Structure formats: structure tokens, C-alpha cells
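J.: Please find the sequence and the predicted model below.
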8 protein chains.
Amino acid sequence: MSWHVYLSGEIHTGWRARIANGLMEEELDVELSAPVIDHGASDDVGVAILGAEQRDFWKDHKGAGINAIRTRTLIEQSDVVVVRFGDEYRQWNAAFDAGYAAALGKPLITLHPEQHDHALKEVDRAALAVAREPEQVVDILRYVLNGRLPRR
Amino acid sequence: MSWHVYLSGEIHTGWRARIANGLMEEELDVELSAPVIDHGASDDVGVAILGAEQRDFWKDHKGAGINAIRTRTLIEQSDVVVVRFGDEYRQWNAAFDAGYAAALGKPLITLHPEQHDHALKEVDRAALAVAREPEQVVDILRYVLNGRLPRR
Amino acid sequence: MSWHVYLSGEIHTGWRARIANGLMEEELDVELSAPVIDHGASDDVGVAILGAEQRDFWKDHKGAGINAIRTRTLIEQSDVVVVRFGDEYRQWNAAFDAGYAAALGKPLITLHPEQHDHALKEVDRAALAVAREPEQVVDILRYVLNGRLPRR
Amino acid sequence: MSWHVYLSGEIHTGWRARIANGLMEEELDVELSAPVIDHGASDDVGVAILGAEQRDFWKDHKGAGINAIRTRTLIEQSDVVVVRFGDEYRQWNAAFDAGYAAALGKPLITLHPEQHDHALKEVDRAALAVAREPEQVVDILRYVLNGRLPRR
Amino acid sequence: MSWHVYLSGEIHTGWRARIANGLMEEELDVELSAPVIDHGASDDVGVAILGAEQRDFWKDHKGAGINAIRTRTLIEQSDVVVVRFGDEYRQWNAAFDAGYAAALGKPLITLHPEQHDHALKEVDRAALAVAREPEQVVDILRYVLNGRLPRR
Amino acid sequence: MSWHVYLSGEIHTGWRARIANGLMEEELDVELSAPVIDHGASDDVGVAILGAEQRDFWKDHKGAGINAIRTRTLIEQSDVVVVRFGDEYRQWNAAFDAGYAAALGKPLITLHPEQHDHALKEVDRAALAVAREPEQVVDILRYVLNGRLPRR
Amino acid sequence: MSWHVYLSGEIHTGWRARIANGLMEEELDVELSAPVIDHGASDDVGVAILGAEQRDFWKDHKGAGINAIRTRTLIEQSDVVVVRFGDEYRQWNAAFDAGYAAALGKPLITLHPEQHDHALKEVDRAALAVAREPEQVVDILRYVLNGRLPRR
Amino acid sequence: MSWHVYLSGEIHTGWRARIANGLMEEELDVELSAPVIDHGASDDVGVAILGAEQRDFWKDHKGAGINAIRTRTLIEQSDVVVVRFGDEYRQWNAAFDAGYAAALGKPLITLHPEQHDHALKEVDRAALAVAREPEQVVDILRYVLNGRLPRR
């Protein structure tokens, strides 16, 4: 059986590709999913499909609704949820996804630099692993699927 | 993984075909399902299979029971539920399906003309998107699956 | 232990008072709850508290959100849900509540005139009783709590 | 029946007191709860009770564990969850609580200034009301409990 | 905290009174509940409240619906379910209640003579205790609440 | 998607074969499952695998445990549960399965002769259809899957 | 609102009394519960109430069934579960309770000497706090209820 | 449909291989899964992937977190859980898994020598079968899947 892993959070660096590449090299049977990571599309989708709004609040509201159709469904379908917090932006949606996944009982892996440790302590406490680099997530998934430690 | 989308509600116009056609043109991996949309069969099924009734109430009761075997199972199996309210009929079963899906936590899309906005405000509030035309539902599903905005 | 009964649906006739009076006469230990039945307040609450909107759609959306805080909480807390469909209006919110309650496994009683039987067959099928008059709801609750049949 | 409302999020301004005062003036039957809002105690509790740690990460981990005993239990027991995002700090725990409450189906009210609207759009989309001032939360609770609009 | 114990099944002997008396003598804090045990009222309630039916099937159907409002609610509210199978009648509703309670994870005690052991083996296997006499149920509840063995 | 239908209850007549044949003729995509219907094997399995018992009660207990591994798993996996009550035996396990399935929210079809209508009224009330002959179950499944009424 | 704390595990030392005394001194609103801690009664209860058995296995089986009525109900009703592992005995039931509570999402506190750390690592990982002394459990509960750190 | 069986517990003898061989000989459609059974890898995985720790407690904590990603996911996905208790070690994680599986409603089979019967009585009571040898587990699975008794 293939495992479904949802990659939530930061969308401005290539961390998802590093995980995907690592899994491919290891030939692990993992199906990855993620939110839409085209920032512009994600922001505009509500009004692009459902019609313009004068107020930015409702533009965001419409867009967030459509994005939630994707993200909630994929989190529900996933076996493991990885949540990445980057250096910039507030990324409250990443923390929201972490809380949502935790309440559903999904095993959670967080991925962030040490500088955020204190601010993320509640999120990290709900996680089963706190990683610093995407390659560690690959290592975790290889171990979890195949029982093999990293060769490093 | 394929997505299952249940198309609830109005059965007298071709809105389901417009969604199915749109999805086919886009080659989206979506499995559609729906209630039985042959109005006569849906009304008669109870007595046709389980025997005649003198009172219309029990004829309807028997038929609604068999239809519920289909609709509840398909709603449970679906990832997304679309509910269409047309111009005519009271369509309480559509609103019932919407409430049922909402309580199960299924992402909900409503589809109706503006004239019903006020009467449907509680149902729309539970939805993640309110569409006016079937093609907008196709646009939403394309974005949700592939992250692409409509070309319009 | 007191029973909580939620009275959903039509807000323009005195059916809730007839049930409340009947329960009081019988001295039944039932705690009734209901949506806000002041139609104007219910329509305006969103903009009255959270600020005006130019579009009616968003005015309704804000109001429906606040009303949902009340209705969903009360339905969750209830032991039995009664849903009334009157002669006028489309009352999709009543059917929505019925579907919501059914999916939560709440015992459901519908209350409506015969003329709506066919249109309400799916809702009635999910109910454990279909009443015509509020006094029948009182009779059901007296039996359910005390095991006594009506004296009529 | 009394309602339980959990006040999550920002701990450096008096917003909780403003809500408590407003509820008291209105004599509303609401039981408020909150995380421990003594910042120092909240940070130190892990090592103060369970013994010192050399690494800050584990100090935070121990403290977050004990705080989670309180916060998860209170969120589970609550009927409504209010989440406040202030001007400072990243407040990922507030967003985590919002996601946790949303997945449990708790009605959610967010409370934050407009400047965070875009960053909080996913959290706001999951809420049934977005308030700017604590007094609006009081207004919502008065309406939800008693059906009365604000006198303003 | 008081315990709620639901006494399902056979309604033609005084076994419920023997349990109630035993609990009273022991001054145990147990709240008992049961289906309506007036056989005639239970059979007639549907048509007595909701109107006559020509076919016995629908008379039974209406009555069973109203009775289910009571029984399902009480089983949901109970901490322990006791199911009694007597010498006569098929008592399928008792076995139905047992299955219903088992699926909800309610601790189950069965109460029946040895002669039914083979026919009830699936039901007994889902139970945490199989008693022969009502007094054994009292003994179990005394132990479960107070930790005291019977003096016999 | 294929539907899973669990056929519970009476094991001494060929009703399951009649349903299986009917489905095959209709080429319906239904996966049937059932308890072990070899009566002797079902009775002996506990002691045959796990060792002899002096008391019949424990022999039955061991056997019922192993059978429950099968039946509960299959009921959980099923989309629809059919429960057959025959002319003989008490068949409390059939009624137990019906209650178990009902509490899980599985659509339920009962199948029994009219003579048991009164004794089965509580079970029938929880069902969405009450059939008399296995061919009616085939008719229901054809309609539920394909929307076609029987040609009769 | 009072908190319910279930004290699972070791029954041969006075750790429960130390927690109860500490809570009383602090005047904390906590309702404690526990398994029956009279070892002899707990072992004999099955045969004392339900009749003798020749084989010890079935004596234990009957007793464990009755004890489970108590322990599962109390764990379900609790807000927090504390599990104590002492120096002696295998205490598999304590670890079983911990797993049971964890799957239900109950906040878990373990209490054991350091010597068991390695053997209990999976259980401790599921806990929100690992305490060494009963007084630390009191400290945790005081903080969780009142937000006060220990004065030590 | 293939069945998923999770083999929890003791990792120092070849009992899993005996079950796998038996299933292969019988050509049963069972997918087996297990925790990582390389003891060294299982102990070291936390620090090997996520970085060294000075204290053994945190080394174990990190490792147990990663192992829990595997074990909880596989238990959730399984249809049946087998838990083996061997002669040595305390194996609290095996009992924890049993409690976790029981609370999820997974059918449970325990596998252990008679000498542990008394200490394991609570765990055995939650199981649907207590086996002594791995071949009995194969016998149970053959019966459960195919309805055939062992030829012995």
C-alpha cells in the first residue's frame, strides 16, 4: 500500500522538490500532495472563477474557500502531514493546517529552522518529529516505510 | 488518486451533463455520481419493487427509503458535494443533502441563480463556494485538482 | 435528566408556543431551544454587529454565520430535533437543519401539513415521526419521557 | 444551560477582560476559559515542575506539553472558540488552536485588526464571524444566547 | 457522578424491579432507564398519536419510530446497557439494542437463563458479563461503583 | 467503484445464492460477503483452533470470538447490510448485526416473511427497505447502482 | 466545571493518596477515580458474582470483564488520565489503559521512576508529561486548573 | 479485498515469519505489517536522523516519535491486530498497542504462553482470541477469510 503524505506550508522555496527528489532516488512508494503553490493563482482563484469583489476581504474569502476544498480533502486523505515554516511571512495557514491535522489524529512532522523553535513550541509538541532539512523528512519516510536508517 | 464528486439536487435541466462534459474536455480525474435522475423511476421505485400501497404517503416513504440507500452511500463516499437549486420546485431534498454533507465535514459547493440568494443564505454559509453556472464548478474542480486558473 | 429538544424551521406562526404550553401543562422536564425567531433581527444581525456591506450577498453571509453559531451549537446539544415546514417560504434552512441533525444521528420529528408530503418525502424518511399538529409533538414527548398515551 | 467559550490567542493586551466585562454587564450565562496568560509561568512551567533542561528546545517541549493538557481539554469542552491575533508576535499557537477547533467542528470567531486580513484568510474562512473589537464578540454572544441586537 | 444504566429487553416479568430494589437497598448512585414497558401502550402509540393505519405493518412502523426516539436517546446517554432475554418471545429488539450498544462501545451485560446460551453466543461474546439473575446485575454494579464484593 | 454488501442472518436456505445469481445475471458490480455459513464449522471453530473446553459456554465463547473477527470486519467494510430472518431459530445474532450496522450508520435492508412483521418492528424501523424475497434485494441493488426499475 | 482525572496503574503503594492529599491541600476542583485497588477483590470478582470456574483462565476472564465495565467507563468520562508504573509486576493493564486513553485523545500523564524510561519510551511519547513523583502530578493539575507554578 | 493484519509486539523470535509462511502456504490474501523489528535501528532512529542528544530520555523520545509515525498509521490501516507477548522484556509497547487498537474497535488477537495469563487478563479480555502458537493465528485467519477449519 502506498502512503499519502501532505506537504503543507511555505511556498517560496524548493523544499517540496527536495523531498520529491529524495523519495524518487530511494524509490519509495509515497504519493505527495500539497496546496496550490502558485502564489498568484492561489490569491486570485476566488474572483477569477466566481466573479470580482470590491473589497479585498471578500476576494480573499472566496479564494480561501476554493483552496480549502483542496487542502482539507488532501489532509483528510493523507497518512502523514508535513508542515514547513520558512523564514518569512506569518504562515498562519501552515499552523492552522497543523492544528487541523492534529485534531484528526494525523501523524505530524514539522520542518523549520531553529530560530522559530520557541514560537513554534506548541506546534512542535503536537508533532512526532521536528526536522530542520527536507532530507531529514526523506530519511524519516524511508525509515517509516522500509525500516532503514540513513547511510550518513 | 481520483476524486469523487456527488452532484445533488435539481433533476430537470442538463447541468450535470455540462459538468461532465467540462471535466472530460479537461481530462480531469473525477468520478461523478448523482441520485437517480429519472423522476418517474425515483418516484415509483418503492412500490415497483416492494409492492403497492394505498396511501401516497407510504408509497413515497418506501421510495425514499430505497433512494436513500443510494444517496447516503454516495455522499459518504464522496470527496466533494455539489448541490444545485433550480428555478422550480421546493427541492427540500437538496437542502437536506447539503445539511447532511455539512455535518459529515464534506466540502460543499452550491450552484444556484442569484434570485435564491436570500432564501439559501444558511446553506450558502456552509458552502466553500457559491457558483452560478455549471462551468464554474468545472473551473473549481480543475483548480482544486491541477492548480490551474480558467483561461477566460 | 432533562431532555433538550430543538425546534427548527418556520418562524411566522405560533407553533413553538403551542408546544411550550403543552409541555408546561404536562409538567414535562424538557428544555426547548430554537433559532432566533425575530425575522428582522435574524436578517440584520451580521451587518448590525460586524459592519455594513454593499452587496446583499455578503450581508446575508455575515448574518448566516452568526446565526449558525447558535443553531449548530443547539442542534449538537439537543436530544431530539423537531423541524417544522409551514405553508409559505422555501424554508431551505429547515431542510438543511434536518439533514444536519440526521447525519449526527439525532432523532428527528417533522411537522408539516399533508400538502407537502411528496416534496418532503426524503426528509420524512429520515424522521422517526411525521406530525401534523404541534400537539402531536407534545404527545410524542410525553410518551417518550413518561410512557403515557394521550388521553384523547 | 450555560455556554462555554474558550478565548485563545494573544496574551499581552486586555481583550479578555473587555469580553468578560461586557458579558457581566449583559448578565449573560457564559463560562469563559483561556490558556494560562501569565507569559513567564507559561514558558517556565515544564522545567519548574518536571526538572531543568540544558537545551531550550526541551524546556519548551516540556512546557508546551503541560500547557496542552489545559488547552486541548478546554477546547474540547467549549461550545464556541474565539481566537485573537494581535499586532505583534507570530502567534502560531493561536492559528494552531483555530485549526484544531475547526477540525472538531467547534464554531469559530476570529478577532484581529484589518491589517492581518490577507495573512489570516484561511483561518477567517473557517470562522463563522470575523470581529475587530472584543465588544463585537460580546455582541455576538448576546445575540447567540438571547437573540437581541446591540443597542448601538 | 451518577451512573446511567439502561435496562433493555424482556418486559413481562419483574426483573427491572428486582434490580431497582437491590440498588436502593445498597444506596447506589445509579439512574435506571428502560423502554416503555406497558406492552399495550408501546404497541399502540404510533396510531394513538399520529393517526390510524389500515395495514398492521405501518401501525407497527409508526409505533416503532416513536419508541426509537426514546430507546436510542437513552442508550446514547447510558454508561452501561443491560439486556435481558426471557423464556418467551423472540425479543429481536433486545438483540438489536445489544448490537446497537456494542457498536457505540457501551459496556454490555446480558441477563438470561442457560437454556439460551448457544443461541445467544454472539451477543454474549460482545458482553463484559453474562448474568443469570437480576441480583447478579446489582452485585456487578455495586462492585463497579464501590469496589465491594457481594457478602454472600 | 464496486459496492460491498454484507448478507447477515439465516444460514439454512439458499437465499444468498439467489441474490448472487440475480446480481450475476444483471452484471452488477457488487462484492458480496457473509458470515461463515457452514453451521458445524462455525460452531466448532473455537475449540478446533484454540483447544477443547469442558463447558459448552466457553466452547461457544471461543467460537463466537473468532466469528466476530470476520463479521465485524466485514460489516465495517460494507456499504449496505442485508439481514435475513428465516422461519426457524431465534437468530438473535441477525438482530445483533442489524443493531450493530444501524449504529454505524450503514444502510440496512431486512428480508423476512410477513409473519415476523410484528416481532421485527424495531429492526424494520431502522431499515431503509423491508423485502420479502431475495429477488427484491437484487431489484433494490440494481436500482441503487443503475437507476433501473425491475422489468416485471 | 470540575475536572475528572483517572488514576490508572500500580495498586500496591500509596501514590493515589499522595495525589488526593495534595489536591485537597490546594483545594483544587478535581474528581479522582481509579480502578478497584483491593487486589484480592479485583482478582475474585468474576467468580464471586458470576459463579466458580475450574480453569484459572476463565476465572480471570470473568473478573477482567467486570473490571473493564468500571475502567473503560471511567476512562471515557475522564478529562486527564494518569498512568503509574511501579517497580514490580509487569503492569500490562496500565500500558493497555495508556494506549486506550491515547487513542481516545485523552491527555496522558505517566508517572514512573527513571529506571523504566527505555522500556516505557513508546508510552511516554504518547504522554504530555512524564512525572517521577505524585507531587509533580499535583503540581501539573494546579497549574492546569489555576495557572500557578509550584512554590518550591 | 485483501485483509491487512498488523503484527505488534515481541521482536526477538521468528513468530512473524511463522505466520507469514503459514499464510503463504495457504495462499491467503493477507497483507502483513509490523513495527521495525531491527532493534538497533529502532532504538537509534531518532538521533540518527534528527541529531544527537545528551540525555537518553530525549534520544528515546525522538526515536519513539518516528516509530509512532509508522505504528499508528499501520494500526489505523489494519483490519486485525495481533499482539505477541514473549518470555522476556516488559513489552509495555505491545500492551499499549493493544489498548490503542481496542479503543479504535480493531479486532484483537493476543499470542502468548500460559505463564502470562494472569498478568495479561485485562488485555486478553479485550481480545477476540487468545492464541498460544503462531500457527493458531494462521488457522484463525484462514477460517476468517475462507471459512475452513484446520485439517489437524
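T.: Done, it's in.
J.: Any buried residues in stretch A:35-55, and which?
T.: Neighbour-count burial for stretch A:35-55 flags A:35-36, A:41-43, A:45-46, A:48-50, A:53 (criterion: 16 or more other C-beta atoms under 10 Å in any protein chain shown). For glycine as for every other residue, the C-beta is placed from the backbone atoms N, C-alpha and C.
J.: and it, how far apart are its ends?
T.: 24 Å (C-alpha to C-alpha, to the nearest Å).
J.: now do stretch A:11-31
T.: End to end - C-alpha to C-alpha - stretch A:11-31 spans 19 Å.
J.: what sits up against it?
T.: The contact list for stretch A:11-31 (C-beta atoms under 8 Å, 6 or more residues apart in numbering or on different chains) reads A:1-5, A:7, A:32, A:34-35, A:37, A:39, A:42, A:82, A:84, A:86, A:88-89, A:111, A:134-135, A:137-138, A:141-142, A:145-146, B:1.
J.: Now with 7 Å, please.
T.: Contacts to stretch A:11-31, defined as C-beta atoms under 7 Å, 6 or more residues apart in numbering or on different chains, come from residues A:2-5, A:7, A:32, A:34, A:37, A:39, A:84, A:86, A:134-135, A:137-138, A:141-142, A:145, B:1.
J.: Identify, from the buried residues of stretch A:35-55, the entry nearest to chain D.
T.: residue A:43 (8.2 Å; C-beta to the nearest C-beta).
J.: got a list of what the spatially closest residue to the closest one that is not a sequence neighbour touches?
T.: Excluding its sequence neighbours, the residue lying closest to residue A:43 (C-beta to C-beta, 6 or more residues apart in numbering or on different chains) is residue A:63, at 6.1 Å. Going by C-beta under 7 Å, 6+ apart, residue A:63 touches A:42-46, D:121.
J.: switch the cut-off to 8 Å
T.: Residues near residue A:63 by C-beta under 8 Å, 6+ apart: A:42-47, D:121.
J.: Wasn't it part of a helix?
T.: Yes: checked against DSSP: H, G, I helix; E, B strand; the rest coil, residue A:63 lies within a helix.
J.: Please list the residues of chain A that sit near chain B.
T.: Taking C-beta under 8 Å from any C-beta of the partner chain as the contact definition, chain A meets chain B at A:4, A:31, A:36-38, A:41, A:44-45, A:48-51, A:62, A:65-66, A:68-70, A:72-73, A:76-77.
J.: Which ones among these lie within strands?
T.: Those of those mapping onto strands are A:4, A:31, per DSSP state E.
J.: mind listing which of the residues of chain A next to chain B are in helices?
T.: Assigned to helices by DSSP state H, the following of these qualify: A:41, A:44-45, A:48-50, A:62, A:65-66, A:68-70, A:72-73, A:76-77.
J.: Tell me which residue in chain A sits closest to chain E.
T.: residue A:105 (16.7 Å).
J.: Could you look up the SS state of that residue?
T.: Under three-state DSSP, residue A:105 falls in the coil class.
J.: List the buried residues for stretch A:139-152?
T.: Buried-residue list, stretch A:139-152, by 16+ other C-beta under 10 Å: A:139-145, A:147, A:149.
J.: Is that stretch positioned near chain G?
T.: No: when contact is scored as C-beta under 8 Å from any C-beta, no part of stretch A:139-152 falls within range of chain G; the minimum is 14.6 Å.
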